[in-house]
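Colleague: Kindly generate the corresponding structure for this input.
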Amino acid sequence: MTPDHWRTVGELFHTALDQPVERRKQWVEGACASDPELRAEVLSLLGSDAVAGGGFIERKVKPAMVSMLEADGRPPIPARAGPYRLVRELGRGGMGTVYLAERDDDEYQSNVAIKLVRRGMDTDLILSRFYRERQTLALLQHPNIARLLDGGTTPEGFPYIVMEFVEGERITTWCRSQNLSVARTVSLFVDVCKAVSYAHRHLVVHRDIKPGNILVDKNGDVKLLDFGICKLLQVQTAGTDETADVGLIALTPDYASPEQIRGDPITVASDVYSLGAVLYELLTGVKPHKIDDPSLRGMERAICESEVLRASLACTDRSIARQLKGDLDNILATALNKDPRRRYESVDQFSEDLRRHLQYEPVMARRDSALYRLGKFVRRRQASVLAGAAILIALSAGMVASLRSAQIATENLRLVRQLANTFLFDVHDAVKNLPGAIPARQLILQTGLQYLERLSGRAGDDADFQQEVAAAYRRIGDLQGDVMNANLGNMKEAIASYGKALELLDSSLRKAPDHRTATMEQILLYRRLGNLHEYRRDQQQALSSFHKAESIANAYLTRWPDDPQASLHLADVQIATSNALRRDSRWADARKGYIRAIELLEKLDAARPGDWHTRMSLASALAGDGICVGRLGSLRDSLATIRRAAQVREELLAREPANVVTQRDLMFVYSHIGDVLGNPNLPNLGDTAGSLQAFEKVVDIAQRIHNADAADLRSRSDYAIALSRMAVVLPPKDNGTRVRLLRQALDLQNEVASTNPEDMSNRSDMASNHNFLGDALLNGGDTQRAAQVWGEGISIAESVRDAASPVLVRATLLMYRKLGEVMARTGSRATAVGLSERAARLVNGPVLTGFPPASRQVLSALGTTARGHIYAELSRSLQRRTSDIGEARGSLQSGIVLYRGLAGQPVFTSNVQLELKAAESELERLR
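Modeller: Now for the predicted structure:
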């Protein structure tokens with residue numbers, strides 16, 4: 001017997017062992033139909049194996065076979081296949097050998113891979129599989145699938161396939177050698193999924209996905225190979241035997257699905273499983289199954305019965321294991337589910353979840369916790385869940401009314417109240433931080449509150465019940481207009497809801513002064529009101545609300561000093577107060593509050609390591625303090641502090657990637673980093689490239705949050721701000737992009753303004769963006785449109801004059817000056833003079849009185865020099881008057897004195913210095 005013949009016998013024998021016992025004989029007879037001698041030898045080995053016990057041949061005969069084959073060597077390489085010269089063997093599979101070959105006829109010369117059916121394997125079934133592979137490859141034209149180039153038959157009658165030669169490494173080896181991060185590995189694997197998905201769309205299931213069939217070429221591109229045992233998902237033609245074909249499949253057990261091992265029908269779910277097995281190995285470094293017993297029963301136990309260890313537990317690298325916890329654990333567990341019905345329905349779903357993970361978006365795969373199942377069900381069936389709950393509540397309420405027994409009625413009242421509270425608090429809080437949750441929150445809160453209010457009449461003077469209804473009103477107010485979270489933009493309605501809640505709490509606390517939960521609700525409500533007043537630019541009311549909240553929190557902690565939740569609420573109020581002071585440019589005062597909050601939060605963090613709310617608040621305090629440090633002149637220290645805040649928020653987002661609150665807060669931190677690095681309108685380090693990178697992250701997060709929930713006005717405002725920040729950092733060569741981004745931002749802000757005219761913060765941002773857009777249009781040569789935009793911006797700014805901030809006043813003065821100069825140059829003297837006078841009235845009026853002294857001085861300098869610039873242009877116009885030069889000189893000189901008095905102060909930014917130089921140049925020109 002020749003080595004080649006022994007090799008054929010051995011491969012057929014081992015393939016037969018992979019089949020269910022009852023199918024083995026049928027399989028051998030089909031595979032060896034044209035060679036009775038070969039059939040007899042394989043059946044004889046199977047019989048010996050059965051008598052001696054499973055694995056006898058594996059243990060005793062295989063080593064001898066391997067030794068003999070190695071001693072006798074491999075058969076010689078065939079010389080040619082059609083016009084191709086075979087160079088060397090590349091590999092062997094279940095039915096063929098693959099060779100590196102060269103085409104050396106007169107057509108062209110190139111390296112290819114040629115697959116030949118091996119001698120002894122040319123049975124009808126083997127040949128039909130080979131032809132089917134050739135047919136399949138002809139159907140598949142995809143950049144991540146090795147291409148079919150040609151095909152034919154050798155003079156001896158053996159078919160061959162000519163394929164693209166992929167010079168690369170198997171994916172596991174390549175990822176190891178490149179030391180890829182988890183994110184880059186997942187990103188590369190998404191390309192593998194694209195190839196398999198493409199095959200599925202062309203009705204082809206691969207059935208042998210494994211690292212050896214996935215190569216990565218020298219360009220880092222993946223190529224899927226070997227469709228030798230693929231299955232066509234179509235109706236079988238007459239005369240074909242799908243059962244026999246399934247039995248013929250030579251599996252790679254480490255990556256095979258349970259249904260392949262059991263011999264069940266194969267669908268796309270089998271490829272999903274195999275892909276999951278490959279990704280598991282790529283990320284953990286180990287295979288998902290531990291197959292100690294190579295017999296069929298042993299493989300069944302390992303693959304069909306034993307649960308796959310979670311990837312984060314299987315990985316020995318602790319750093320990587322931490323990254324696998326959460327989404328990737330759940331994604332892999334879904335792909336590797338034993339039940340194909342519970343896997344991803346398609347490779348596209350699998351790939352989409354991987355993409356979502358990379359983009360910090362919520363994924364479909366989750367551990368089946370009770371809370372997750374509840375939240376997922378509510379999001380999927382909002383209307384039906386709420387309708388069912390309403391019916392249940394109504395039935396329960398009816399039961400309470402109809403039952404005569406007071407004891408039973410009381411118990412059922414308790415149950416209905418508990419159900420309403422579960423809906424209002426547990427279910428609502430399970431979904432509130434998820435993208436797109438506003439419609440679900442509306443239905444949940446409206447239904448729950450409706451029944452709580454109906455029940456409140458039965459509660460009498462029950463302080464607990466009043467507190468529950470007050471908490472429900474707070475949640476309603478949050479949905480209506482909590483500016484710090486996803487909301488509908490109804491600020492007036494939110495204030496009314498918060499007011500109802502406070503009335504109920506006042507009543508509750510009169511009855512039960514020691515009601516700790518009611519007191520905590522008061523703190524939350526006054527902080528919410530303060531935030532709302534601040535966004536309406538009513539700083540006096542905002543600070544008053546914050547001070548009430550802080551006073552209540554301090555009194556509470558005097559009585560109950562060991563309550564960590566109260567300490568956390570106090571820190572949050574201190575942060576909110578400092579935020580309001582910071583937005584009024586009161587940097588030093590704001591910093592005092594941030595420092596107090598940081599000290600308190602660091603103590604809480606040490607006592608409760610890893611607490612999500614504590615860490616979130618600590619990041620907020622650090623970010624705010626970092627901003628103040630920068631405005632007070634220490635930009636390097638500012639950047640370090642803000643980056644510390646970013647690190648905390650990145651850690652929190654890794655724990656809860658779907659949490660919109662964490663995403664939004666991280667977006668703000670990246671924005672602050674971008675400002676410090678290179679925002680030209682603020683003190684910065686001059687790192688424009690770094691600033692652009694930061695704002696690209698900001699825009700990406702803002703866009704994803706906005707796209708996830710069209711009803712959320714807050715996310716619309718955030719997205720607009722992100723676009724405008726990105727626009728102002730762009731270099732001059734990207735002026736066209738700057739115009740586009742600013743227009744997009746203004747479109748979003750107009751939508752917010754039409755829905756929520758009470759949002760003065762949004763209107764202030766709109767005015768600033770008109771200033772920036774006018775500049776961009778002027779730089780592009782469109783003076784007429786720039787003037788129109790500045791005029792619109794001035795109208796918006798003046799409509800919120802009573803709610804002005806230093807930022808808004810600055811933008812207004814700049815637009816007065818620039819529009820006034822254009823009007824002077826185009827002959828509109830009266831308009832130009834009017835704009836100069838409006839600038840003077842603004843800086844000399846009551847608006848600036850509430851600002852810090854340095855802010856007042858820099859704005860006074862800007863307004864005074866704006867008047868000088870306008871009169872300088874008038875002095876050069878056709879409508880000039882002799883007094884124009886004197887007016888211009890006087891205003892410019894006064895403004896220059898004010899500017900120079902700011903030298904060395906934090907407000908003396910690069911932009912302010914440019915304004916000083918412009919005033920000095922204009923004054924020199926007038927001499």
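Colleague: Report the beta-bridge partners for L100.
Modeller: R88, A113 (DSSP bridges).
Colleague: my read: it touches L90, true?
Modeller: Yes - using Cβ atoms under 8 Å, L100 is in contact with L90, at 5.4 Å. Where C-beta positions appear, they are placed from N, C-alpha and C, glycine not excepted.
Colleague: shared neighbours of these two, anything?
Modeller: Counting by Cβ atoms under 8 Å, 6 or more residues apart in numbering, the residues touching both L100 and L90 are A113.
Colleague: any idea which element L149 lies in?
Modeller: strand 148-153 (DSSP states H and E).
Colleague: those strands in the protein, which residues are they?
Modeller: Assigned by DSSP state E, the chain shows strands spanning 80-81, 84-92, 96-103, 110-117, 148-153, 159-164, 168-170, 204-205, 214-217, 222-224, 231-232.
Colleague: sorry, back to before: could you give the mean pLDDT of the strand holding L149?
Modeller: Per-residue pLDDT values over strand 148-153 give a mean of 77.
Colleague: what's the angle from it to strand 84-92?
Modeller: Strand 148-153 runs at 100 degrees relative to strand 84-92, counting by axes from the mean of the first three to the mean of the last three Cα atoms, to 10 degrees.
Colleague: mind listing what I214 touches?
Modeller: R170, I171, V192, V222, K223, L224, L225, V278.
Colleague: Who does it form a beta bridge with?
Modeller: Here I214, judged by DSSP bridges, has bridge partners L224.
Colleague: do you know how far it is from L90?
Modeller: 15 Å (Cβ to Cβ, to the nearest Å).
Colleague: Correct me if wrong: T783 contacts E821.
Modeller: No - assessed by Cβ under 8 Å, T783 is found out of contact with E821, at 10.3 Å.
Colleague: G212 versus L90, what's the distance?
Modeller: Counting by Cβ to Cβ - L90 and G212 are separated by 11 Å.
Colleague: whoops, W587 was the one
Modeller: Separation of W587 from G212 (Cβ to Cβ) stands at 62 Å.
Colleague: higher neighbour count, these two?
Modeller: Shown here are W587 and G212; by other Cβ atoms under 10 Å, W587 has more neighbours (22 against 17).
Colleague: what sits against the more buried one?
Modeller: Taking Cβ under 8 Å, 6+ apart as the test, what W587 contacts is C628, R631, L632, P852, P906.
Colleague: which of those are buried?
Modeller: Buried members of these, counted by 16 or more other Cβ atoms under 10 Å: C628, R631, L632, P852, P906.
Colleague: picking that back up, by neighbours, which of the contacts of I214 wins?
Modeller: Neighbour counts for these peak at I171, which has 27 neighbours (criterion: other Cβ under 10 Å).
Colleague: which residues touch that one?
Modeller: L188, F189, V192, P211, I214, L215, V216, V222, V278, L282.
Colleague: Low-confidence bits of the stretch 101-250 of the chain, can you list those?
Modeller: Applying pLDDT under 70 to the stretch 101-250 of the chain picks out residues 105-109, 118-139, 203, 227-250.
Colleague: again with the stretch 751-900 of the chain
Modeller: Using pLDDT under 70, the stretch 751-900 of the chain drops low at 801-803.
Colleague: Show me where it has its helices.
Modeller: For the stretch 751-900 of the chain, helices defined by DSSP state H, counting those that start in this stretch occupy the ranges 760-779, 783-799, 806-825, 829-844, 853-875, 883-900.
Colleague: want to throw these into JSON lines with distance to R591 and mean neighbour count?
Modeller: Shown next, in JSON lines, are the helices of the stretch 751-900 of the chain (distance: least, Cβ to Cβ, whole Å; neighbours: other Cβ atoms under 10 Å):
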{"stretch": "helix 760-779", "distance to R591": "22", "mean neighbour count": "23"}
{"stretch": "helix 783-799", "distance to R591": "29", "mean neighbour count": "19"}
{"stretch": "helix 806-825", "distance to R591": "17", "mean neighbour count": "24"}
{"stretch": "helix 829-844", "distance to R591": "27", "mean neighbour count": "19"}
{"stretch": "helix 853-875", "distance to R591": "15", "mean neighbour count": "24"}
{"stretch": "helix 883-900", "distance to R591": "26", "mean neighbour count": "19"}
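Colleague: With distance to A542 as new columns, can the ones you listed be given to me in JSON lines?
Modeller: Formatted as JSON lines, the helices of the stretch 751-900 of the chain follow (distance: least, Cβ to Cβ, whole Å):
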{"stretch": "helix 760-779", "distance to A542": "11"}
{"stretch": "helix 783-799", "distance to A542": "20"}
{"stretch": "helix 806-825", "distance to A542": "16"}
{"stretch": "helix 829-844", "distance to A542": "23"}
{"stretch": "helix 853-875", "distance to A542": "18"}
{"stretch": "helix 883-900", "distance to A542": "30"}
